[in-house]
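Need the 3D shape of this:
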Amino acid sequence: MKKTNLNFLILVLLLQTILYAQNNNELSFQKDIKPILDNRCVVCHSCYNSPCQLKLSSVDGLLRGATKEKIYDNRIDPAKPSRMFIDATTSKEWEDLGFHSVLKKYNQENIMSKLLKQKQLKPENIGDYAPETDDLQCSKNMEELDEYLEDNPNHGMPYGFPALNKKEHEMLISWLKGDIKKQEEEKQKPSRIIKAFEMFLNNPDMKHQVTARYIYEHLFLAHIKFDGDDNFYSLYRTYNANGSDAVKTRVPYGKAKEKFFYKFKKITSTIVHKTHMVYKLNEDKLQRYKDLFIRPTWEEKPNMPSYEPKIAANPLIAFKQIPAKSRYEFMLDNIHYFIMTYIRGPVCKGQVALNVINDHFWVAFKDPKYDYTIQDKDFLIQNQKNLSLPNEYGGNSGILDVFSIYKYNSVTIDYYKNKNKLYEKYNSPLDFQSIWKGNNYGEKDNDAILTIYRHFDSSSVHKGALGDIPKTLWVIDYPLLERLYYSLVAGFDVYGNTQHKILVRKYMDRLRIEGESNFLEYLPRSKRNDIFNSWYIGDIAKQVATYTPSNLDPKVDYKFKEFVVNLLDYTKTPKDEINFIDTKVDFYKNIKEFKTKDDIQKALKSIIFHNEINKFKKFSSDNFNLVYVRFKMRKEDLVYTAVINRWHDSVAFLFNEEARLNIKKDKINIIEGFIGSYPNYFVVVEEDDIKEFFELLKGNVDESKLSKFFINRNDKNFWQVYDWFQNKFNETNPIEAGLFDLNRYYKKSID
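This is a model prediction of the structure:
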């Protein structure tokens, strides 16, 4: 044998040895596999709305597998819960809940590897891709999958995006060939601060126990961050002290079978932004809990509230023994977190759930000292009936309850009248003094005013007054705040029947109008009805929107916009630098070249003032509401989010939303940084092309230039672009960041 051939053979054998050594046992899940799953798979497979409920944010989710059942489907009867780490642990238990394996071997192949290989064979994306609404079949065996791929050859994974690169693909396939097992959790001793909080929550004293129940019911969704600890934790109930036997109830106020403990468990699943709601705990917070709940004298002798739904589902009844002022201040202390749970919790998925709110509005809060619903110790007790919640029916609401359209109207009107009488009793016309100034008054991150954006089928909440002056504002007092939380979060059963979800949606109409009504009380009595009617255009809207203004005039006498401007001054909330425009702006024509951040922001402000962003408006739709824009400057990278706010003549009813849109009144806000969790498009602009990009948005450059800036899902560089935006988000928001979700990326695949 020639020496050259021998050397070649040796090289081949060496390469084969290296390749074969890189098998499942040699690969590290944490170092090699998890980064691939996170950045290419978890971006769509992470939550209740994951395609086929295949949750890849942990090995446990991969082992659980997929199901044909859709959590948000319409159903007459409630579904069995299938929550990770709670409702099942073994393969048999998951099978009983309707899940099937995606790892089961069929001649050394499995469903997941087959889908990955199919993408390598047919990498082209053809047509539209909308994972949450497409019929993906969710094949339960290889025979079904073969039939599906024969009909849909371009539906390999990643679905509707470019294929994995060769290295990522080979590593993942190699790992999938092996015996995949649950990852052993590192056993760590709880820190001193965790022990202190667990001791507080598990204190057998009845006052502590009622307090612990109240706190748990408000933090069960939280990703808890302790000072000095890089991990996040969840607070849960467990039947044993070591935390291995979780209490399984459909809602957090469900009754446990026996004595239980409160424990903190480290979150090991990948953090995704859409469910990442951070709540910070430290020694100061523990002392605050003691000052709020333990030291004050309670309204009655502490006793454990009933777990009966008619009581437990309504915190105004269940926890009436705890001073209302303490409860309100507890929620105000972390108000951004609590509003975030309404906006980003399980209830807020999809257009039908979210068309109950406008696309852009601000919320402010009553100062506890001037919230007479809690200052008067009898008011909440006397209005228990008027403050009832739909949650008492649980996840199995009856059809008749849902279609009793006027069920809550009479008690709503009674409540408004009683509250109006209350404020008349105290002879307290409203002024700015009754508005809460926030936790960080005078600082940039103050939370006296929060901004809520709806992005069609998702939404987000942000500190401060973002955007221009919105169509509506809310003012939230304690009874509204608590009912929002228990209706939309604690009492919302994601596995409940359709009737339950519609009932919650209908009740939210009442809560929205209550917040708007509270705001209108700060405006002259003669103007209130006209302003309210401008928010509810149409005969049907006027019939279903119940508004009962008081006869009190406020101490201040401002028109709508005047009040808003003075509210910002009172709370020291900065005006939006780009979108809040109160004088004529015409910078754009004077900017010769774009070299600095100031140049770009002046141009954006000018374009928005003249309402010239034609291209964004043209694509305004249910799949084009949130666009991340990167300006690649030579000195720095700048990121902005274009938020498209669609105008609704009314949000007073459930169906036929399209008929209530008015595209002529749509607005676009450009916000520095990142807004939302579900980007619909990425845009990348080089410094030398900024002028051309702006001219394109204004409609002065041919549409064929769109692909130069707008990164279509078919773009060969899509994953590199995504990685940049994700890394930038992680860098600029190290605690609040999580993986973006790509399920709602613009669905059209364009060559």
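
the longest strand in this structure is where?
Ranked by residue count under DSSP state E, the longest strand found in the chain is strand 637-645.

Find the helix or strand that residue 265 is a member of.
Following DSSP states H and E, the helix or strand that holds residue 265 is strand 261-266.

Strand partners (parallel or antiparallel) of the next helix or strand after that strand?
Going down the chain from strand 261-266, the next helix or strand is strand 278-281, by DSSP H and E. Strand 278-281 pairs in its sheet with strand 223-226 (parallel), by DSSP bridges.

Now do whichever helix or strand comes after the strand it pairs with: which elements does it pack against?
In the C-terminal direction, the helix or strand that comes right after strand 223-226 (DSSP H and E) is strand 233-238. Strand 233-238 is packed against helix 206-219, strand 223-226, strand 261-266, with contacts defined by 3 or more C-beta pairs under 8 Å, 6 or more residues apart in numbering; DSSP states H and E. For every residue, glycine as well, the C-beta is placed using N, CA and C.

which other residues reach strand 233-238?
With contacts defined as C-beta atoms under 8 Å, 6 or more residues apart in numbering, strand 233-238 is touched by 194, 216, 219-220, 222-226, 243-247, 256, 260-267.

So what's the gap between it and the chain middle?
Centroid separation between strand 233-238 and its chain, computed with C-alpha atoms, centre = their mean, to the nearest Å, is 20 Å.

Just the CA coordinates for that strand, please, in PDB.
What follows is strand 233-238 as a C-alpha-only set of coordinates in PDB (Å, rounded to 0.1, in the frame of the first residue of the first chain):
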ATOM      1  CA  TYR A 233     -37.200  30.900  42.200                       C
ATOM      2  CA  SER A 234     -40.800  30.000  42.400                       C
ATOM      3  CA  LEU A 235     -42.900  30.000  45.500                       C
ATOM      4  CA  TYR A 236     -45.100  26.800  45.800                       C
ATOM      5  CA  ARG A 237     -46.900  24.600  48.300                       C
ATOM      6  CA  THR A 238     -45.700  21.100  49.100                       C
END
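
what's the angle between it and strand 261-266?
Following axes from the mean of the first three to the mean of the last three C-alpha atoms, to 10 degrees, one obtains 150 degrees for the angle between strand 233-238 and strand 261-266.

Tell me which of the helices and strands packed on strand 233-238 sits nearest to residue 453.
strand 223-226 (21.3 Å; C-beta to C-beta).

And the contacts of the closest one?
For strand 223-226, with C-beta under 8 Å, 6+ apart as the criterion, the contacting residues are 191, 193-194, 232-235, 264, 267, 271, 275-282, 735.

List buried residues within the residues you listed.
Judged by neighbour count, with 16 or more other C-beta atoms under 10 Å as the criterion, the buried members of the contacts of strand 223-226 are 193-194, 232-235, 264, 267, 271, 275-279, 281.

pLDDT wise, what is residue 351 at?
Here, the pLDDT recorded for residue 351 equals 48.

Over to residue 407?
pLDDT recorded at residue 407 is 59.

now the strands for the chain?
Defined through DSSP E, the strands belonging to the chain, from first to last, are 223-226, 233-238, 261-266, 278-281, 360-365, 450-454, 459-463, 472-476, 626-632, 637-645, 667-672, 681-686, 710-711.

Mind checking those for the one nearest to residue 204?
Each of these has some distance to residue 204 by C-beta to C-beta; the shortest is strand 261-266, at 11.1 Å.

what packs against the closest one?
Packed next to strand 261-266, using 3+ C-beta pairs under 8 Å, 6+ apart, are helix 192-201, strand 233-238.
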